[in-house]
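In: What follows is a protein structure lacking sequence information:
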């Protein structure tokens, strides 16, 4: 397998390695990425690397117990399988991801909208209107959720996540639909809701025991 890399130029072999690393770090690679501030599309060089070296990358990830999938409709390469690194989202990040998915759905179903853009202000409004956010979230909770979504190619923001403000444009990619279905989100929320109820019950018991 590694003979293939040896036959490439040093530069191209390094590009293949970095592309594989990116696949495992962010799960997918988009063909086109957008600057959410200007909505200027840019071809993603790593997508072209995936396309050109698809057979090698497929064989490589299979050795690691994964599968390289090309979604022609969404124009994305992604990896799947039992050995793909899994991140356990916090309840807050799960809820924010669900809200972003709802906003994306409303954007693509709307008329006269040029791009699925949102802002922190709008996400909060959706959270309030749907009762999914019932208390004020900390800045760290927002940043954690944005960082995870950006890393996994679900959103893009101009500049660094730490600089995102209430009215900073947040571009939502269609990959939000690849990562989670409505059923997945509901299952996650139910799971965390159960954990919270158990925690509250334990706290109440502790308080009662202390009171006695």
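Out: Alright, I've got the coordinates. A quick note: this is a predicted structure, and the numbers were derived from the prediction, not measured.
In: Tell me the helices and strands packed up against the one helix or strand residue 4 maps to.
Out: Assigned by DSSP states H and E, residue 4 falls within helix 2-6. Judged by 3 or more CB pairs under 8 Å, 6 or more residues apart in numbering; DSSP states H and E, the packing partners of helix 2-6 are helix 10-26. Quick note: C-beta positions are derived from backbone N, CA and C, even for glycine.
In: Show the secondary-structure elements that the next helix or strand after the helix it packs on is packed against.
Out: The element immediately downstream of helix 10-26 (helix or strand, assigned by DSSP H and E) is strand 28-30. Here strand 28-30 touches helix 10-26, helix 45-52, strand 76-80, going by 3+ CB pairs under 8 Å, 6+ apart.
In: Break down this structure into its strands, ranges please.
Out: For the chain, applying DSSP state E gives strands covering 28-30, 32-35, 40-43, 67-71, 76-80, 117-118, 155-156, 170-172.
In: which stretch among those comes nearest residue 7?
Out: With CB to CB as the criterion, residue 7 lies closest to strand 67-71 of the strands of the chain, at 20.2 Å.
In: ok, residue 46 - how many residues close by?
Out: When neighbours are defined as other CB atoms under 10 Å, residue 46 has 21 of them.
In: so who does it touch?
Out: Residue 46 makes contact with 15, 18, 19, 22, 29, according to CB atoms under 8 Å, 6 or more residues apart in numbering.
In: if we take those residues, which one ends up nearest to residue 90?
Out: residue 22 (24.2 Å).
In: burial measure for that closest one, as a count.
Out: Residue 22: 18 neighbours (other CB under 10 Å).
In: Test my guess that it contacts residue 29.
Out: Yes - assessed by CB atoms under 8 Å, residue 22 is found in contact with residue 29 at 6.2 Å.
In: picking that back up, next, the buried residues of the helix holding residue 4.
Out: By neighbour count on 16 or more other CB atoms under 10 Å, the buried set for helix 2-6 is residue 5.
In: got the contact list for it?
Out: 13, 16, 17, 56.
In: Could you do stretch 71-82 as well?
Out: Under the contact criterion CB under 8 Å, 6+ apart, stretch 71-82 has outside partners 23-24, 27-32, 47, 50-51, 54, 61, 65-70, 153, 174-175, 178.
In: Pull out the buried residues from that stretch.
Out: For stretch 71-82, the buried set under the neighbour-count rule, 16+ other CB under 10 Å, comprises 74, 76, 77, 78, 79.
In: out of these, what pair is the most spread apart?
Out: 74 and 79 (14.3 Å).
In: Low-confidence ranges, the protein, go.
Out: Counting by pLDDT under 70, the chain shows low-confidence ranges at 1, 110-114, 180-212.
In: Include distance to residue 138 when you put the strands of the chain into JSON lines, please.
Out: Below are these laid out as JSON lines (distance: least, CB to CB, whole Å):
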{"stretch": "strand 28-30", "distance to residue 138": "29"}
{"stretch": "strand 32-35", "distance to residue 138": "28"}
{"stretch": "strand 40-43", "distance to residue 138": "33"}
{"stretch": "strand 67-71", "distance to residue 138": "35"}
{"stretch": "strand 76-80", "distance to residue 138": "31"}
{"stretch": "strand 117-118", "distance to residue 138": "20"}
{"stretch": "strand 155-156", "distance to residue 138": "19"}
{"stretch": "strand 170-172", "distance to residue 138": "18"}
